[in-house]
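Q: sequence and predicted structure, then a few things I'm wondering about:
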Amino acid sequence: MFIAMNRFKVRKGSEEEFQNVWLNREVKLRKEPGFVEFKLLRGPEREDHTLFSSHTTWASEDDFTAWTESAAFREAHRAAPTRAPLYIGGPSFEGFLVLQTVGPAETEAA
């Protein structure tokens, strides 16, 4: 498994617009080979920004890389430059290879 995260420092007062961009977009990730799930996270507020993160899980790093090189990726990100005023700096990418996953304890049948 591979987790790809982008962190965004969203300018104070732009949080609702930023959220609306993400929550009202057409989601095409479900059709991508190796895609597992997507999460949009809202984090702590700071003096000049609120931290957000997009979090995708992929079956492998190769699946993620293939998506980033696809026409679907370019289409999904074509409007990104117009949203630059919402952020302080650009998105900060972080990729992680999953070494361990721990799920909830299984319950025994009665």
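A: Noted; the coordinates are in hand.

Q: so what's residue 10 up against?
A: The contact partners of residue 10, taken as C-beta atoms under 8 Å, 6 or more residues apart in numbering, are 18, 49-52, 86-88. Any C-beta I mention is one placed from the backbone N, CA and C, and that applies to glycine too.

Q: could you measure from the residue lying closest to residue 61 once chain neighbours are set aside over to residue 36?
A: Using C-beta to C-beta, 6 or more residues apart in numbering and skipping the chain neighbours, the partner closest in space to residue 61 is residue 2 (4.2 Å). The gap separating residue 2 from residue 36 is 9 Å, by C-beta to C-beta, to the nearest Å.

Q: can you list residues touching both of these two?
A: Residues touching both residue 2 and residue 36 (C-beta under 8 Å, 6+ apart): 57-59.

Q: what's the end-to-end length of stretch 38-52?
A: Using C-alpha to C-alpha, to the nearest Å, the end-to-end distance of stretch 38-52 comes out at 13 Å.

Q: center of this structure, which residue is that?
A: residue 54 (2.1 Å; C-alpha atoms, centre = their mean).

Q: ramachandran coordinates for that residue?
A: phi -100, psi 140 (degrees, to the nearest 10).

Q: oh, and call the first residue 752 from now on, that's how I've got it
A: Fine by me, first position is 752 from now on; the one you just mentioned is residue 805.

Q: so who does residue 834 touch?
A: By C-beta under 8 Å, 6+ apart, the contact set of residue 834 is 769, 772.

Q: is it located within a helix, as I assumed?
A: Yes. Assessed by DSSP: H, G, I helix; E, B strand; the rest coil, residue 834 belongs to a helix.

Q: where does this structure dip in pLDDT?
A: Residues of the chain meeting the criterion pLDDT under 70: 859-861.

Q: let me know how buried the residue nearest to residue 812 is, in neighbour terms.
A: Residues near residue 753, counting by other C-beta atoms under 10 Å, number 19.

Q: I figured it hits residue 850, correct?
A: No. Taking contacts as C-beta atoms under 8 Å, residue 753 lies outside contact range of residue 850: 11.1 Å.

Q: sorry, back to before: between the shared contacts of residue 753 and residue 787, which has the most around it?
A: residue 809 (24 neighbours).

Q: no further questions, thank you.
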